[in-house]
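Trainee: here is a sequence with its predicted model. Questions after.
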Amino acid sequence: MKGDDALLLVWPFLTGLLVLSTHVPLGRRVLTRGIIFLDLAVAQLAVLGVIAAHAFELGDGALATQFAAATAALAGALGLAACETRWPQLQEALIGSAFVVAASLAILLLAGDPHGGEHLAELLSGQILWATPAQAGRLAALYGPLLAVLAWRGARLGTYGFYVLFALAITASVQLVGVYLVFASLILPALAVRHLAAPAALAGGWLLGALGYAAGLAASLLLDWPAGPAVVVALAVVALLAGTARTVAGNRRQR
């Protein structure tokens, strides 16, 4: 990889680190709460908002699109929070239902658009390779306060507070990195460090996530692969290697 080529990865990588800054701690909470597919559902709701803004020509520019995405994600998140409060035993089924309905509505809205398939593919796979300093700056401006609230309130956020914070974080990331990479960033590092206590788990999750983003972006540039799927696969490989190393180390200690 030439130096000029490597420079192309600077802003995508920094954007990935920003995404990990919120998604690793949120992913740990998702695993703890047992609502694994919440991220997919909320991300798909945000995508539905983006597609609705496009289909109904609700406004031009990134601000109108972001508002539509945030509105859809927050409305869905608040609805799911209410469901968890009232029917906790049905929450995973309701989350899955929300995801499939939102995905189906998105497809229906794009049915008459000749470029609908391409638009949907971009929202699923993301465009992290083309992340700009301005996009990274906007992400940092939102994630700073979200991280402060998460550190301040922690487990005291409550059901509604957690869902709202989660929806805001997902809405900000999904248009940049796509639905698949949002899920991978939340769940894979959190799975790899689930056995560790909070401080070590956060540090380990961020480190593994950073390695996955670096490897995936490098592979994307070298092999001309789509960046989002390449990072997803890299995150999976890194998480698997970390889990294997822990198992091997545990077996040696038992001998």
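Mentor: Noted; the coordinates are in hand.
Trainee: buried residues in the helix or strand hosting A68?
Mentor: With elements taken from DSSP states H and E, the one containing A68 is helix 62-86. Applying a neighbour-count criterion of 16 or more other CB atoms under 10 Å, the buried positions in helix 62-86 are 65-74, 76-77, 80-81, 83-84. Heads up, the C-betas are built off the backbone N, CA and C, glycines and all.
Trainee: same check on stretch 108-127?
Mentor: Using 16+ other CB under 10 Å as the test for burial, stretch 108-127 gives L109, L110, G116, H119, L120, E122, L123, L124, S125, G126, Q127.
Trainee: any idea how far apart the tips of that stretch sit?
Mentor: Across its full length, stretch 108-127 reaches 23 Å end to end, with CA to CA, to the nearest Å as the criterion.
Trainee: repeat for stretch 85-99
Mentor: The stretch stretch 85-99 measures 19 Å between its terminal residues, going by CA to CA.
Trainee: mean confidence for it?
Mentor: Averaging the model's pLDDT scores along stretch 85-99 yields 93.
Trainee: which outside residues touch that stretch?
Mentor: The list of residues contacting stretch 85-99 from outside it, by CB atoms under 8 Å, 6 or more residues apart in numbering, reads 34-38, 40-41, 44-45, 76, 79-80, 83-84, 159.
Trainee: what is the nearest of these to A103?
Mentor: Set against A103, the nearest of the contacts of stretch 85-99 by CB to CB is Q44 (5.3 Å).
Trainee: check contacts around the closest residue to that closest one other than its chain neighbours.
Mentor: If the residues on either side of it in the chain are set aside, Q44 comes closest to A102, at 4.3 Å by CB to CB, 6 or more residues apart in numbering. Remark: with contacts taken as CB under 8 Å, 6+ apart, A102 is in contact with A41, Q44, L45, V47, L48, G76.
Trainee: one more time with 7 Å, if that's ok
Mentor: In this structure, A102 makes contact with A41, Q44, L45, L48, judged by CB atoms under 7 Å, 6 or more residues apart in numbering.
Trainee: same thing with L241?
Mentor: Shown in contact with L241 (CB under 7 Å, 6+ apart): no residues.
Trainee: what's the spacing between C83 and Q89?
Mentor: Going from C83 to Q89 by CB to CB, to the nearest Å gives 11 Å.
Trainee: that older thread, in strands only, show me the buried residues of stretch 108-127.
Mentor: The members of the buried residues of stretch 108-127 all map outside strands under DSSP state E.
Trainee: closest one to R29 out of the residues you listed, please.
Mentor: So of these, ranked by how close each gets to R29 (CB to CB), first place is G126, at 22.8 Å.
Trainee: alright, that wraps it up for me.
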